[in-house]
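Asker: Output the structure for:
(one chain, ligands or ions: 2)
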Amino acid sequence: MDIDEKKMVDIEEEIRSLQLDSGDATEMIDETAQHEELEKVDKMEEDSKEEVHNQAVEVEKKVKEKENSALDEEATFEKELPKKRHLNVVFIGHVDAGKSTTGGQILFLSGQVDDRTIQKYEKEAKDKSRESWYMAYIMDTNEEERVKGKTVEVGRAHFETEMTRFTILDAPGHKSYVPNMISGASQADVGVLVISARKGEFETGYERGGQTREHVQLAKTLGVSKLLVVVNKMDDPTVNWSKERYDEIESKMTPFLKASGYNVKKDVQFLPISGLIGTNMKTRVDKSVCSWWGGPCLFEALDATEIPQRDPKGPFRMPIIDKFKDMGTVVMGKVESGSVREGDSMVVMPNKAHVKVLAVFCDEDKVKRAGPGENVRVRLSGVEEEDILSGFVLSSISRPIPSVSEFEAQLQILELVDNAIFTAGYKAVLHIHAVVEECEIVELLQQIDPKTKKPMKRKVLFVKNGAIVVCRVQVNNLICIEKFSDFPQLGRFTLRTEGKTVAHKRQAESVGLQCYISWQHDRRDTTTAPSLETRATEVGSAIGDRRSEIGLIGSELATPTAWPQILPCLRHLDVLPRPSAPPLRPPS
Ligand code: GTP
Ligand code: MG
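Answerer: Ligands and ions are numbered 1, 2, ... in the order given. Next comes the predicted model:
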């Protein structure tokens with residue numbers, strides 16, 4: 001082989017390897033392109049040395065270009081993703097603390113509401129003898145709320161600062177509407193806890209039975225990781241921007257926030273405002289109004305809030321909080337993990353309805369893709385609106401969210417009605433993401449020593465306020481939950497009874513949910529072979545030729561005792577696990 005020949009072979013090698021590499025990276029290089037490149041290689045053999053070199057460089061460039069174009073689609077999506085980060089902020093606190101007023105003022109200050117609308121609200125509020133509620137009318141949009149001056153439904157609005165797009169969720173403070181507050185808080189990462197500094201009002205909200213306490217405890221359980229505590233109504237004549245009053249509230253609240261699980265130094269920030277007048281909100285309070293405040297205003301504090309990033313590539317999870325019909329079935333919710341894009345195939349759990357994503361909307365805008373933390377509306381085909389309930393979860397097909405009717409969990413007992421005892425047979429209402437479901441404690445398994453966090457040795461039959469206990473919980477209908485260690489947001493829940501929060505809990509780290517989850521069977525009922533087979537066949541046909549994924553589904557959801565039935569089903573479907581997929585675990 002002479003030198004020219006050798007060079008030619010080298011060039012050919014290089015081109016081939018480029019083609020191989022790019023073929024690995026993308027499916028976008030079509031056969032025509034490859035054919036063209038081969039033709040060019042043929043032609044090169046007849047050309048002079050220099051020409052060969054030039055041609056090779058040309059081809060190399062072309063292949064590289066195509067390689068890059070492989071990432072084009074991804075890049076287009078990236079471009080379509082809004083540049084600013086997005087935060088969900090829930091306004092919580094005792095009734096009449098000023099949550100809706102502060103929310104309304106934020107919208108006014110950020111230019112979402114014009115003066116004429118405010119004047120209209122002033123008139124309407126006056127007609128209803130609720131003069132001072134006009135700012136709250138921006139958030140309180142229905143007649144009942146306006147007449148009574150109380151938020152009922154969680155109000156939802158959007159505003160932007162330089163760095164961040166915010167979704168505001170204005171929760172009701174009244175104790176009758178705690179379930180709505182829970183649904184609002186479960187969609188948020190950041191909480192604005194509004195406290196009224198007006199004489200007597202802080203005290204009523206803070207005492208036992210006041211919603212300040214319950215909202216803080218619920219917010220922590222529901223995954224609100226950061227709190228801005230705004231001491232509101234600082235303009236009120238009984239307060240008049242008094243430093244003493246502000247300090248009193250801060251010093252009384254701090255130990256309680258600590259006891260509720262917040263790291264007061266890292267996760268909590270106090271600041272004084274007047275929601276009604278808009279002071280210390282968009283700009284810092286003037287020294288002539290409040291000489292002692294040197295900290296940030298509300299917009300600055302919100303902009304500086306940092307929350308942990310979620311995984312955009314994780315398995316898709318979106319608890320459905322609402323649904324309606326609009327050229328298909330539209331579901332609403334916050335993406336907790338993974339991403340959704342137009343054209344995706346998904347499954348709605350727990351009813352396992354296979355759906356196609358027709359469109360994705362963020363705020364009012366149609367987008368190609370949305371990632372974790374976004375509040376979205378997703379238009380689906382393949383499922384009727386009436387077949388979806390709030391609390392169902394839109395999930396990825398390859399790793400659907402587990403659905404169970406029984407599970408083990410670790411609970412902390414906060415406040416039992418009439419100081420009752422907590423024992424097997426205790427009935428309560430369970431709240432987890434958008435699920436509200438009656439449940440029963442069927443067995444107490446272990447008590448945990450609150451000091452050492454270790455299980456106590458003696459058998460536990462009942463516990464009282466303050467106890468931490470691991471127990472088995474049963475619900476009548478299947479609900480979608482996760483292990484706390486896998487998805488904290490979907491693995492924490494709250495039990496309430498007779499309108500009071502009695503316990504909040506995280507699912508036990510050490511107890512595998514997997515043992516209780518199978519093809520729609522709970523652990524009392526894992527041996528029903530025929531429906532296992534039906535399920536496996538359904539899943540198989542639904543995922544078409546991506547059969548290997550059934551292996552994944554099987555390995556994720558099967559109970560050990562169900563394996564003898566499941567394995568033959570999988571074999572029957574000619575399912576082989578993909579080399580990259582986690583191995584199918586045999587029955588132990
Ligand atoms: P719920 O939705 O019922 O829980 O109440 P809320 O917290 O949304 O309170 P809302 O905004 O409806 O305000 C209750 C009352 O407090 C209204 O009369 C407001 O005008 C008044 N208020 C709110 N913020 C301020 C404030 O900064 N200063 C003064 N002086 N009054 C305020
Ligand atoms: Mg309100």
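
Asker: Can you pull the residues of the protein lying near ligand 2?
Answerer: Applying C-beta under 5 Å from the ion, one finds that the chain approaches ligand 2 through 99-100, 151. The C-beta positions use only the backbone N, C-alpha and C, and glycine is treated the same way.

Asker: now, which of these lie within helices?
Answerer: With DSSP state H as the criterion, helices contain 99-100 from among the residues of the chain next to ligand 2.

Asker: Can you pull out the low-pLDDT segments for this structure?
Answerer: Regions of the chain meeting the criterion pLDDT under 70 cover residues 1-83, 209, 308, 417-419, 498-588.

Asker: Mind listing the residues bridging to residue 269?
Answerer: Beta-bridge partners for residue 269, by DSSP bridges, are residue 228.

Asker: What's the separation between it and residue 300?
Answerer: If you measure residue 269 against residue 300 using C-beta to C-beta, to the nearest Å, the figure is 10 Å.

Asker: likewise residue 192?
Answerer: On the measure of C-beta to C-beta, residue 192 and residue 300 end up 13 Å apart.

Asker: ok, residue 283 - contacts?
Answerer: residue 297 (C-beta atoms under 8 Å, 6 or more residues apart in numbering).

Asker: Relative to residue 309, how far out is residue 300?
Answerer: Using C-beta to C-beta, residue 300 is found at 22 Å from residue 309.

Asker: Among those two, which residue is more densely surrounded?
Answerer: Higher neighbour count among residue 300 and residue 309: residue 300, with 16 against 10, using other C-beta atoms under 10 Å.

Asker: and the protein, what are its domains?
Answerer: Annotated domains of the chain cover 85-303, 317-396, 403-511, 517-584 [automatic domain parsing].

Asker: quick one: which of the residues of the chain next to ligand 2 has the most company?
Answerer: residue 99 (32 neighbours).

Asker: surely that one meets residue 174?
Answerer: No: judged on C-beta atoms under 8 Å, residue 99 makes no contact with residue 174 at a distance of 11.0 Å.

Asker: any residues in contact with both of these two?
Answerer: Residues touching both residue 99 and residue 174 (C-beta under 8 Å, 6+ apart) are residue 151.

Asker: What strand or helix carries the residue of the stretch 151-300 of the chain found nearest ligand 1?
Answerer: In the stretch 151-300 of the chain, no residue comes nearer to ligand 1 than residue 173, which is 2.5 Å away by C-beta to the nearest ligand atom. For residue 173, there is no helix or strand it lies in under DSSP states H and E.

Asker: That one: what's it in contact with?
Answerer: Under the criterion of C-beta under 8 Å, 6+ apart, the neighbours of residue 173 are 92-97, 99, 150-151, 181, 211, 215.

Asker: So which of those residues sit within strands?
Answerer: Among these, DSSP state E puts residue 92 in strands.

Asker: Would you convert the contacts of residue 173 into JSON lines that also reports distance to ligand 1?
Answerer: Below are the contacts of residue 173 laid out as JSON lines (distance: C-beta to the nearest ligand atom, whole Å):
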{"residue": "92", "distance to ligand 1": "9"}
{"residue": "93", "distance to ligand 1": "6"}
{"residue": "94", "distance to ligand 1": "7"}
{"residue": "95", "distance to ligand 1": "4"}
{"residue": "96", "distance to ligand 1": "4"}
{"residue": "97", "distance to ligand 1": "4"}
{"residue": "99", "distance to ligand 1": "4"}
{"residue": "150", "distance to ligand 1": "4"}
{"residue": "151", "distance to ligand 1": "3"}
{"residue": "181", "distance to ligand 1": "9"}
{"residue": "211", "distance to ligand 1": "8"}
{"residue": "215", "distance to ligand 1": "10"}
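
Asker: so how far is residue 309 from the closest residue to ligand 2 within the stretch 201-350 of the chain?
Answerer: Nearest residue of the stretch 201-350 of the chain to ligand 2, counting by C-beta to the ion: residue 275, 10.6 Å away. Counting by C-beta to C-beta, the separation of residue 275 from residue 309 is 30 Å.
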